[in-house]
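A.B. asks: no sequence on this one, just coordinates:
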């Protein structure tokens, strides 16, 4: 069973953050929310492990 990796795992986190910010440029608040929802579902599908996703959701609640 996989477990959630909570250690830094991005070689260039600032660059990835910039990608996210730029993806929201020109979008309304509603469009940004819808984009985030789709992005979350795409990434959850990539993870593919219910327990890991449940752990991530619990961690995000904090």
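C.D. replies: Thanks, I have it. What you see is a predicted model; the values in this text were computed from it and never measured.

A.B. asks: so which residue is dead centre in the chain?
C.D. replies: The structure's the chain has its C-alpha centroid closest to residue 40; by C-alpha atoms, centre = their mean the separation is 5.3 Å.

A.B. asks: tell me the mean pLDDT for the helix or strand containing it?
C.D. replies: According to DSSP states H and E, residue 40 maps onto helix 29-47. Mean pLDDT, computed over helix 29-47, is 98.

A.B. asks: do the same with stretch 5-24
C.D. replies: 97.

A.B. asks: which residues are in contact with that stretch?
C.D. replies: Stretch 5-24 has contacts (C-beta atoms under 8 Å, 6 or more residues apart in numbering) with 32, 35, 39, 59. Every residue, glycine included, has its C-beta placed from N, CA and C.

A.B. asks: distance of the nearest residue to the first one once chain neighbours are set aside relative to residue 55?
C.D. replies: This means residue 32. With sequence-adjacent residues excluded and distances taken as C-beta to C-beta, 6 or more residues apart in numbering, residue 32 is closest to residue 24, at 4.9 Å. Distance of residue 24 to residue 55, computed by C-beta to C-beta, to the nearest Å: 26 Å.

A.B. asks: noted, bye for now.
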